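Asker: Fold the following, please.
(2 chains)
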Amino acid sequence: MPARRVDVSMSFSAFENPIVDDVLLIGRKAPIGQEAMRRLISAIAPEEYEIVTLDHPTFEAASIKRALLKAIPREKLLPLLLGEGERLATETAIVRVRVSFAANISREVEL
Amino acid sequence: MMNLTVEDIMTREIITIAPYESIKKASEIMEECGIGCLPVIENGKLVGIITSRDIRGVHSNRLVADAMTKTVITTHPSCSLWEAKEAMEFNGIEKLVVIEDDKVVGLVTKKLLYGELGKHTDLLTGFERAECLQHRAVEMLQEGKEIAIIFIDLDNFGAINKEFGHVKGDEVLRQAAHIFRGIIDEETDKIYRYGGDEFAVLSTKNVWEAKELANRMIALLSSWGWPIGLKVTASAGVAGGRRKAVRFNGNLNHMVADLINMASLASTKAKREKVPVVVAEHAIDVVPAAVESS
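Answerer: Numbers count the residues shown, from 1 in each chain, chains lettered A, B, ... in the order given. Coordinates of the predicted model:
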């Protein structure tokens, strides 16, 4: 009887919140509303996200990673998210958004 | 009816729901119990209300908290039916949650409220009854308005009933109501069916303008083209106007009752003296509380 071998491969990485990501845009008729999302987030990542109630035709709320808001002010970020989000989603959807940014800083130093 | 409050008619057995239940469950409860709304209670406190309208088109997995109306218009058990009606109409709602000591103690629906209020409208003339006059007059005094009451009593109405029959008598009352309705100014005057053959007008006119209106009402009634052989006349008493405080004891209900009584007695005097209108001689203080304290 031939010998059998099993190759096992593993990949380790830091656990990132798999559900909430950086931003969630919650549609007005989505199966999960903002209160449900608030409870979910407070259970899995307390204090890590801010839930913002929106006055928007498609989305009723957004959950945004607080760390992200430290880099980009909410009033600058939200219009970008909503403007793009409403093109892609309907009010029944919950849209997950991954946001990356690069800051270019140049400073002048007197010699 | 002036004593009837929300407490007298409200539904006391309230079915409620918690905010973190699903819309599916809310819908099932409503269907099972044949009701159209559920107050939403968390830790014993009212946090919202969910109606059949709120859940229409909403995903059944959603939480009640995500579909409920969070700003709930509430009332108190001691609120009058008229105040409850005004609150419903002003807010365009069909249900009022009744709260006492921060707890939900009842529910009043538009159907229930209007059904009760309907009992206080005279079907023959379409005018509201005496209790409504009392309530509205108190309200107007609270609003700082000056009021006058015209009390109109048809003359010998019993004789009309006896001679022509009660059906004809009812027709006379209906026609008199029609005549009076046509002569008043709806901006300032409102007519009530006070009793059998008695009408009362609540007016924001001053007492002399009210007297002038009463004279015109009486004159038009008697000159109306009544069927041959039928003579319909009336006598009126007027009371009201702003006077220095003489009998004010702080109770506006008593004050209004006195005012109506004085107008009634003045109409009796007019009948006795065979004059169309008498103005009450000893008018009571009708300076509204708001004016008094200023």
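Asker: quick one: the helices in the stretch 151-294 of chain B?
Answerer: All helices of the stretch 151-294 of chain B, identified by DSSP state H, counting those that start in this stretch, fall at B:157-164, B:166-183, B:207-223, B:252-273, B:289-293.
Asker: I'd like to know which of the ones you listed is closest to chain A.
Answerer: Evaluated over these, closeness to chain A peaks at helix B:289-293, with 39.4 Å, by CB to the nearest CB. Backbone N, C-alpha and C define where each C-beta goes, glycine included.
Asker: Just give me the neighbour total for residue B:67.
Answerer: Close neighbours of residue B:67, defined as other CB atoms under 10 Å in any protein chain shown, add up to 24.
Asker: and it, what does it touch?
Answerer: Contact analysis of residue B:67 by CB atoms under 8 Å, 6 or more residues apart in numbering or on different chains lists A:33, B:23, B:50, B:54-55, B:58.
Asker: between those residues, which is closest to residue A:61?
Answerer: Lowest distance from residue A:61 to the contacts of residue B:67 (CB to CB) belongs to residue A:33, with 7.7 Å.
Asker: Would you agree the closest one is in contact with residue A:63?
Answerer: No - using CB atoms under 8 Å, residue A:33 and residue A:63 do not qualify as a contacting pair, with a distance of 11.8 Å.
Asker: who touches both of the two?
Answerer: Looking at what touches both residue A:33 and residue A:63 (by CB under 8 Å, 6+ apart), the common residues are residue A:26.
Asker: spatially speaking, which residue is in the middle of chain B?
Answerer: residue B:132 (3.7 Å; CA atoms, centre = their mean).
Asker: Give the burial count for the residue of chain A found nearest chain B, as a bare number.
Answerer: Relative to chain B, the nearest point of chain A is residue A:33 (2.5 Å; CB to the nearest CB). Neighbour count for residue A:33, taken as other CB under 10 Å: 25.
Asker: Quick check: closest non-adjacent residue to it.
Answerer: residue B:66 (2.5 Å; CB to CB, 6 or more residues apart in numbering or on different chains).
Asker: what's the residue in the stretch 1-150 of chain B that chain A sits nearest to in contact with, if anything?
Answerer: When scored by CB to the nearest CB, the stretch 1-150 of chain B has residue B:66 as its residue closest to chain A, at 2.5 Å. Residues near residue B:66 by CB under 8 Å, 6+ apart: A:32-36.
Asker: Please point out which parts of the lengthiest strand in chain A sit buried.
Answerer: In chain A, assigned by DSSP state E, the strand with the most residues is strand A:59-65. Buried residues in strand A:59-65, counted by 16 or more other CB atoms under 10 Å in any protein chain shown: A:59-65.
Asker: Check stretch A:31-43 too.
Answerer: Using 16+ other CB under 10 Å as the burial criterion, the residues of stretch A:31-43 that qualify are A:31-38, A:40-41.
Asker: what comes into contact with that stretch?
Answerer: By CB under 8 Å, 6+ apart, the list of residues contacting stretch A:31-43 reads A:19-20, A:24, A:26, A:48-49, A:51, A:53, A:60-61, A:63, A:92, A:94, B:19-20, B:59, B:61-63, B:65-67.
Asker: now stretch A:86-106
Answerer: With CB under 8 Å, 6+ apart as the test, stretch A:86-106 has contacts from A:20-32, A:56-59, A:68, A:71-72, A:77, A:81, A:85, B:59.
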